[in-house]
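Colleague: I'd like to go over a predicted model; first the sequence, then the structure.
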There are 2 protein chains.
Amino acid sequence: MTTPPEKKPSRIQMRNRRLILDSALEVFSRDGFGGATLDSIASGAGLSKPNVLYYFGGKTEIYITLLSQLLETWLDPLIELDPDGDPVSELLAYVQRKLDMSLDLPAESKLFAVEMLQGAPRMGTYLVNDLKPLFDEKCAIIQDWVDTGRIAPVDPAHLIFTLWSTTQHYADFGAQVSVLLDHENPAARASSHLEQMFRRLLEPQAGQPLTKSQDSAPD
Amino acid sequence: MTTPPEKKPSRIQMRNRRLILDSALEVFSRDGFGGATLDSIASGAGLSKPNVLYYFGGKTEIYITLLSQLLETWLDPLIELDPDGDPVSELLAYVQRKLDMSLDLPAESKLFAVEMLQGAPRMGTYLVNDLKPLFDEKCAIIQDWVDTGRIAPVDPAHLIFTLWSTTQHYADFGAQVSVLLDHENPAARASSHLEQMFRRLLEPQAGQPLTKSQDSAPD
DNA sequence: CCTAAATTTTACCAATTGGTAAAGCGACGA
DNA sequence: TCGTCGCTTTACCAATTGGTAAAATTTAGG
């Protein structure tokens, strides 16, 4: 009970907590957990360090708060993947949603990346308890689409990895992308490139439909 | 002259410098530049902190040394992309080389990622002076392959981004991959998934070959 | 074995870190 | 007017940080 005022958050509490979290997102996503300092978070929020610690129990609590808020936003597009929709459209829409998020909220993407690079030390349980079941569920859906010949045969898990990595790349490696593309805005080209790529990957080939992919061992 | 012994490096110098760099690679790739400490680098190398500073001028010098060594290894596969080879084979071989590197040397991949996430503050010049020209050169080659109808029409720059992101994902997000795949080794499946994906992306479609992209000026 | 150079350790330091204690400030109701 | 409750600041602190000086030790060469 030392730190966060209980009960109803007042207007000023809401405002300052948000200022702190906004600043912390920027700092943590750039410098990682260990590299971030309370001082830079505080100054980014326009507050003093002890004032920041009035609202949060400590550096770790800010980080955890950020991470769990992030996860809700992050999982949302995957949750929306509809087993009853048109498979290719659903997956292409997922790609676009993910790409939009990476372009609009690069810091969120980077924060996630930073945590993963460290081996997910403060996120391990979440990965196992929340992401894994959702991931398995969606893999099963995709596998069903493959089995019924509605998309080309593809490994669902690695398809999702590919989808995540290609979209998040524009956030996480934005510095590189920016230099290599002469600082032109990558958004439009990235979008059509990814759409084209996943469309080709996923659209069932006219040649070999479901006859061979139903259950036998491939390769 | 303060720090690194000049002239011929002795056997013990070679050994200790290598110990330090190996340990530093591990630490920097996990914790980032700001999060890494000389103490943890030293203890990882089995040396004392002042002893580490006998071989390197400081934390930054170790980091820079690591980065420039990394870049040679990292750029190599791209350099090998042969304009005279079979386009699809060349690109698929590049994918495999990149994937192998990510699986064999995940720390190198992570170090690069960490630096990019921070906005490449200690690498800006490398990006512009070394990577950018090479990138442009290879993009031109790929564009030529497209223009001559030897691969399907695709944006060369974004193709490379896709290639980089999908392969490096297995290193940078290894913690996530490991959990989601039930800790089974992703290597074999990743390899065939990526080969299939890029093959479909790149192989010219029977339907619409070079008619629309043939020779116009590639600005 | 002896010396000189190379290496390693011990003992420090100033600055910064995450965090705490308590005093000060402002608004608001009695 | 007063008190008090929520918020902010000032003044700290112990631990850790990157880095240095110099003594102690090891090594290599003759």
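Modeller: Nice, thanks for sending it over. In this text, all values refer to a predicted model and were calculated from it rather than measured experimentally.
Colleague: so is stretch A:139-154 next to chain B?
Modeller: Yes - using Cβ under 8 Å from any Cβ of the partner chain, stretch A:139-154 reaches chain B at A:152, A:154. No exception for glycine: its C-beta is placed from N, CA and C like everyone else's.
Colleague: could I get that stretch in CSV with only the CA atoms?
Modeller: Extracted in CSV, the C-alpha atoms of stretch A:139-154 (Å, rounded to 0.1, in the frame of the first residue of the first chain):
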residue,chain,number,x,y,z
CYS,A,139,-3.1,-22.5,-35.7
ALA,A,140,-5.9,-25.1,-35.6
ILE,A,141,-8.2,-22.8,-37.6
ILE,A,142,-5.5,-22.2,-40.2
GLN,A,143,-4.7,-25.9,-40.3
ASP,A,144,-8.4,-26.6,-41.0
TRP,A,145,-8.4,-24.1,-43.8
VAL,A,146,-5.4,-26.0,-45.2
ASP,A,147,-7.0,-29.4,-44.8
THR,A,148,-10.2,-28.3,-46.5
GLY,A,149,-8.2,-26.8,-49.4
ARG,A,150,-9.3,-23.3,-48.8
ILE,A,151,-5.7,-22.0,-48.6
ALA,A,152,-2.6,-23.5,-50.0
PRO,A,153,-0.8,-26.0,-47.8
VAL,A,154,1.3,-24.1,-45.3
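Colleague: can you give me how far that stretch is from the chain middle?
Modeller: Relative to the chain's own centre, stretch A:139-154 is displaced by 23 Å; criterion: Cα atoms, centre = their mean, to the nearest Å.
Colleague: all the strands of chain A, residue numbers only.
Modeller: Here chain A has no strands by DSSP state E.
Colleague: give the contact list for the residue nearest in space to the middle of chain A.
Modeller: Against the mean C-alpha coordinate of chain A, by Cα atoms, centre = their mean, the closest residue is residue A:74 at 4.4 Å. By Cβ atoms under 8 Å, 6 or more residues apart in numbering or on different chains, the residues touching residue A:74 are A:101, A:108, A:112.
Colleague: with residue A:90 instead?
Modeller: So residue A:90 contacts A:81, A:82 (Cβ under 8 Å, 6+ apart).
Colleague: over to residue A:204?
Modeller: Per Cβ under 8 Å, 6+ apart, neighbours of residue A:204: A:149, A:150, A:151, A:152.
Colleague: now do it, the pLDDT please.
Modeller: Per-residue pLDDT puts residue A:204 at 88.
Colleague: ok, back up a step: roughly how far apart are the residue nearest to the centre of chain A and residue A:33?
Modeller: Counting by Cβ to Cβ, to the nearest Å, the gap from residue A:74 to residue A:33 is 18 Å.
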